[in-house]
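In: sequence unknown, structure follows:
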């Protein structure tokens with residue numbers, strides 16, 4: 001009797017589990033259980049992205065080329081999208097503009113030299129749809145929350161411009177000259193962080 005009862009319990013458990021799996025299965029074949037899903041983070045209907053060289057409105061020349069290369073590299077590495085060189089062959093277009101770069105001292109030593117300084121870069125972004133029937137629509141996710149960064153020296157901020165559907169990404173990074181840090185090393189770190197944040201903007205809304 002005990003063996004039969006145990007078998008019934010196992011059979012009921014398997015039946016309930018299979019029903020739960022079926023209930024969590026969506027029309028596209030992915031599972032959705034307790035708010036978690038196996039669906040990809042990116043829109044699979046989009047195949048290609050055109051990324052023109054970012055505009056630079058700051059006096060520091062060359063940042064636009066470094067940032068464009070970093071964004072293209074991040075898209076190719078982290079998303080299913082392919083970056084193309086021709087706008088007419090692309091499904092979407094990602095426009096970026098460096099609008100501000102700043103450097104500010106944080107701490108000074110006893111003789112007035114900079115002990116720690118901060119560098120920040122502000123970038124405006126617009127992601128547009130170029131596909132027939134959707135041409136001109138904005139794909140920029142202006143309501144996406146800023147992900148937490150474990151580095152306390154980094155402050156990421158995104159502001160919403162409802163008139164232009166523009167996302168503003170403004171990371172900062174610090175450097176300590178006494179430890180070999182420089183503006184160049186801080187800018188290199190910022191470029192990589194900007195690329196990560198820009199590509200994370202292209203994910204689906206949760």
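Out: Good, I have the coordinates. As the structure is a prediction and not an experimental result, all values here were calculated from the model. Numbering: from 1, shown residues only.

In: going forward, measure contacts and count neighbours with C-alpha atoms only.
Out: Fine.

In: Mind splitting this protein into its structural domains?
Out: 1-39, 40-200 (automatic domain parsing).

In: Leaving out chain neighbours, which residue sits closest to residue 66?
Out: Excluding its sequence neighbours, the residue lying closest to residue 66 (Cα to Cα, 6 or more residues apart in numbering) is residue 191, at 7.2 Å.

In: hang on, I meant residue 75
Out: Nearest one to residue 75, counting by Cα to Cα, 6+ apart, is residue 199 at 6.2 Å.

In: Backbone torsions only: list them for the one you found.
Out: Torsion angles at residue 199 (phi, psi; degrees, to the nearest 10) stand at phi -70, psi -30.

In: pretty sure it contacts residue 71?
Out: Yes: here residue 199 reaches residue 71: they are 7.1 Å apart, a contact under Cα atoms under 8 Å.

In: For those two, indicate the residue with more neighbours.
Out: Neighbour tally, residue 199 and residue 71, criterion other Cα atoms under 10 Å: the higher count belongs to residue 71, 26 against 18.

In: Name the residues that touch the helix or strand harbouring that one?
Out: Assigned by DSSP states H and E, residue 71 belongs to helix 63-78. Outside helix 63-78, the residues that touch it by Cα atoms under 8 Å, 6 or more residues apart in numbering are 51-56, 81-83, 98, 191-192, 194-196, 198-199.

In: Drop anything exposed from these.
Out: Buried by 16 or more other Cα atoms under 10 Å: 51-56, 81-83, 98, 191-192, 194-196, 198-199, out of the contacts of helix 63-78.

In: In contact with residue 194: list those residues for me.
Out: For residue 194, the contact set (Cα under 8 Å, 6+ apart) comprises 67, 71, 169, 171.

In: Of those residues, which is the most crowded?
Out: Busiest of the contacts of residue 194 [other Cα under 10 Å] is residue 71, holding 26 neighbours.

In: tell me the pLDDT at that residue?
Out: pLDDT for residue 71: 96.

In: what about it, distance to residue 51?
Out: Going from residue 71 to residue 51 by Cα to Cα, to the nearest Å gives 8 Å.

In: What residues are bridge-paired with residue 100?
Out: Here residue 100 sits in beta bridges with residue 122, as judged by DSSP bridges.
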